[in-house]
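>>> just the structure for this:
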Amino acid sequence: MNFFEQQDKARQRTFVLLFFYVLAVLATIISVYGAVRLCWYFMPVSRKSPLYMPVYDTVPVDFWDLNCFLTVTGIVLLVVLTGTLIKIAQFSKGGVAVAKMLGGEQILPGTKDPDERKVLNVVEEMSIASGVPVPAVFLLKNEYGINAFAAGFSTQDVVIGVTRGAVSLLSRDELQGVIAHEFSHIFNGDMRLNMNLTGFLNGLLLIALTGKTLLRGVRGGHGQSSNRGSGATVFVILLFALLLLVVGYIGVFFCNWIKSAVSRQREYLADASSVQYTRNPSGLAGALKKIAGLPDGSFIRQTRAEEVSHFFFSDGVAVFGGTIFSTHPPIHARIRLLDPSFDGKYPVVRSIAPAETRAFRSPRPANPHLGEELAKWEKKMSLSQTPRTDLGHESLAESVVFQVGVITDNHLNRASEIREALPALFREAVTSVTGSIALVYGLLIDRRNTDVRSHQLEYLARHDDPSVYKMLLRLLPDFSSLKTEWCLPLLDLATPTLKTQTSERYEKFREHVETLIHEDQSVSVFEFVLEQVVLHRLDFFFGKAKKTTVVYSDWKPILPDCEILLSYIAGAGSFFRPLAEKSFFKAVESLGQDFSWKLIPFELLTHDQIAGALKKMAAASPKLKEQFLKACVHCIEHDEQLDIRELELLRAFASTLDCPIPPFIPQAEN
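Residues are numbered from 1 along each chain as shown. Okay, here's the model as predicted:
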């Protein structure tokens, strides 16, 4: 199953969860209605009661009352939707909101701490190897268990969270296995599913919290009046609060059951993917063994960890019902799938927690049904299958698309090589906001036309901070030897740092980027695509763009936009019209859509047109994106010659569609 199929499956799982959520809400409405009608019959009917109303003299015998049902429905929907919308609003910033809720602090790219540097290096290499922008990494510094999580709605707002225990107690190989596991959740669409699920659960949880609040209020006010009617009223409210509490937790009970069933399956798949990415099962198995041998295990102390328990690498909270409602498979089962020779003995790992906060627990017991569990899951998950990495020319479109969202050890090696090959000054620059901004400017400075270059530098000297301009001048000499395949990795590395600038600073940065690319009155393909990549990665974070959701599941409404984009790619590949037409029609033929296709001359296309078409294509379903990327490959391979510039432009285009393509490996290295 490739990246696009996994994304489609994740969307289907979201609809399944939504269906069960609706059922849970309906069951909650009926239950609350039953509680209201039950309490109605216990209401005081004494005319001496201060709460007496004439309606009490005519209490209906029938259980069913339409007006009452509609009122209850409205109130329950209001409470549930309010709870859901509150959580969705809290998570609107993406993964950052989850990390901060758990007490995480961002590890700054310039950190000198060896453990923090270790985890940043692993995340950076994994990102470059996959084509994903480097996520911000948050450290849960007061969590001494070994755990991690990935959170966000897309690759543009994802963050990786790691505990102090993970960065301090895991070796580099073990940490790489854990991070690869989390990257699998990014590629498989699990993150968005988890974010939505948390919102759904919060809505139902609010019913139970309402019951708790009523219960506290009744207990606090009880005894202030000896009036018999008042006492009866207190009894009814108390009964209603208890019923509401029970109803609320019944809803949460079923949602947790759904959550655990979905999450356990995804965890097995993520373990399998981690091994496929790293080709090193001992790394991930070693991390799990250390969790089992550590007194703190993978426990998360933060009180709100229960809300996001399904995000974690390993069980972060104790759950009612044991393994039935656990969001993760038993740890020994995960280890045995990774290491069939495992003898059941865990290493003794010394806790790094302060003595007064250390956890104490007995060794994990053996599972008598482990063999049955392994047999069941080995049929579903194979750890030995290797993703295709060949780029044979005869099936180039299929090969490129197959690699979207796939990491192999070859890609990891390539990422490490690229990272080490970057000039030392570039690697230093990405650790500061000033340096990262200067790097982006440097990518846009014209290296061929000295007049344009002079105007660009003069503009920056007048309008930007002197520190940025000074850093840019230091970096410029190294840009003369910049390889095309280094451009996207540089942006990948600079992305988390650029997100730490203020909103006001980003406004200036955005304005200067646009000015630089229009300085020569002619925007090159490279400049335009680079601008789109930068804005796509940063606009959502700074509130300049909305979260991308699937709007188009059919080609018909976006065929004109597809025509614009393929015309642009064909024109950029060849200014000789007959060749451009050949590549264009080869691309549209692969789509198999009945449409009056026509190549739009390159010089007639405006960048506003292309940017608008890209935004609409980004809102297409995964299946349509897959077909579009295949068409793009057919477009650039028309002359049977592929150079690194064309391939990197394809990667950049795919990045704006949230379809990460790993760096291409030169044939000699395959």
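
>>> could you find the closest non-adjacent residue to residue 292?
residue 346 (4.3 Å; C-beta to C-beta, 6 or more residues apart in numbering). Where you see a C-beta, it was placed from the backbone N, CA and C, and this is true even at glycine.

>>> doesn't that neighbour belong to a helix?
No. Applying DSSP: H, G, I helix; E, B strand; the rest coil, one finds residue 346 to be coil, outside a helix.

>>> where does the chain have its least confident helix or strand?
helix 370-380 (a mean of 48; mean pLDDT, DSSP states H and E).

>>> the strands in this protein, which residues?
For the chain, the strands defined by DSSP state E occupy 105-106, 136-140, 148-151, 159-163.

>>> what about the stretch 451-600 of the chain, any weak spots by pLDDT?
Scanning the stretch 451-600 of the chain for pLDDT under 70 picks out 520-523, 575.

>>> cool, and the stretch 301-450 of the chain?
Residue ranges of the stretch 301-450 of the chain with pLDDT under 70: 319-325, 355-395.

>>> mind doing that once more with 50?
Residue ranges of the stretch 301-450 of the chain with pLDDT under 50: 360-370, 373-374, 377-394.

>>> try the stretch 51-200 of the chain
For the stretch 51-200 of the chain, the ranges with pLDDT under 50 are 51-52, 55-56, 61.

>>> next, name the residue at the spatial heart of this protein.
residue 152 (3.2 Å; C-alpha atoms, centre = their mean).

>>> what values do phi and psi take at that one?
phi 150, psi 170 (degrees, to the nearest 10).

>>> isn't it right up against residue 194?
No. If you go by C-beta atoms under 8 Å, residue 152 and residue 194 don't touch, sitting 9.4 Å apart.

>>> next one: residue 184 from residue 452, what distance?
44 Å (C-beta to C-beta, to the nearest Å).

>>> okay, the two: which has more neighbours?
Remark: of residue 184 and residue 452, residue 184 carries more neighbours, 25 against 17, as counted by other C-beta atoms under 10 Å.

>>> what about the nearest residue to that one once chain neighbours are set aside, neighbour count?
Counting by C-beta to C-beta, 6+ apart, the nearest residue to residue 184 once its immediate chain neighbours are dropped is residue 273, at 3.6 Å. Neighbour count of residue 273, defined by other C-beta under 10 Å: 24.

>>> which residues touch residue 273?
By C-beta atoms under 8 Å, 6 or more residues apart in numbering, the contact list for residue 273 reads 180-181, 184, 187-188.

>>> of the strands of the chain, which is nearest residue 284?
In terms of C-beta to C-beta, the element of the strands of the chain nearest to residue 284 is strand 148-151, at 11.6 Å.

>>> what's the neighbour count on the residue nearest to residue 569 when sequence neighbours are not counted?
Nearest residue to residue 569, sequence neighbours excluded (C-beta to C-beta, 6+ apart): residue 635, at 4.9 Å. Number of residues near residue 635 (other C-beta under 10 Å) recorded here: 28.

>>> I figured residue 635 hits residue 568, correct?
No. Counting by C-beta under 8 Å, residue 635 stays clear of residue 568, with 9.7 Å between them.

>>> what's the local residue count around the spatially closest residue to residue 655 that is not a sequence neighbour?
Closest residue in space to residue 655, ignoring its immediate chain neighbours: residue 533 at 5.4 Å, by C-beta to C-beta, 6+ apart. By the criterion of other C-beta under 10 Å, residue 533 has 21 neighbours.

>>> equivalent analysis for residue 543, please.
Residue 543, neighbours per other C-beta under 10 Å, totals 11.

>>> ok, the closest residue in space to it that isn't next to it in sequence to residue 544 distance?
Spatially, and ignoring its direct neighbours in sequence, residue 543 is nearest to residue 503 (7.4 Å; C-beta to C-beta, 6+ apart). Distance from residue 503 to residue 544, counting by C-beta to C-beta: 9 Å.

>>> could you do residue 331 as well?
According to C-beta to C-beta, residue 331 stands 43 Å off from residue 544.

>>> same drill for those two, tell me which one is more crowded.
Between residue 331 and residue 544, residue 331 has the larger neighbour count (other C-beta under 10 Å), namely 19 against 13.

>>> show me what contacts the more buried one?
Residue 331 neighbours (C-beta under 8 Å, 6+ apart): 288, 291-292, 314-315, 364.

>>> same check, this time on residue 564
With C-beta under 8 Å, 6+ apart, residue 564 has these contacts: 600, 605, 609-610, 613.

>>> okay, and which of these map to helices?
Per DSSP state H, helices hold the following members of the contacts of residue 564: 609-610, 613.

>>> flag every buried residue along stretch 583-590.
Within stretch 583-590, the residues that count as buried by 16 or more other C-beta atoms under 10 Å are 583-588, 590.
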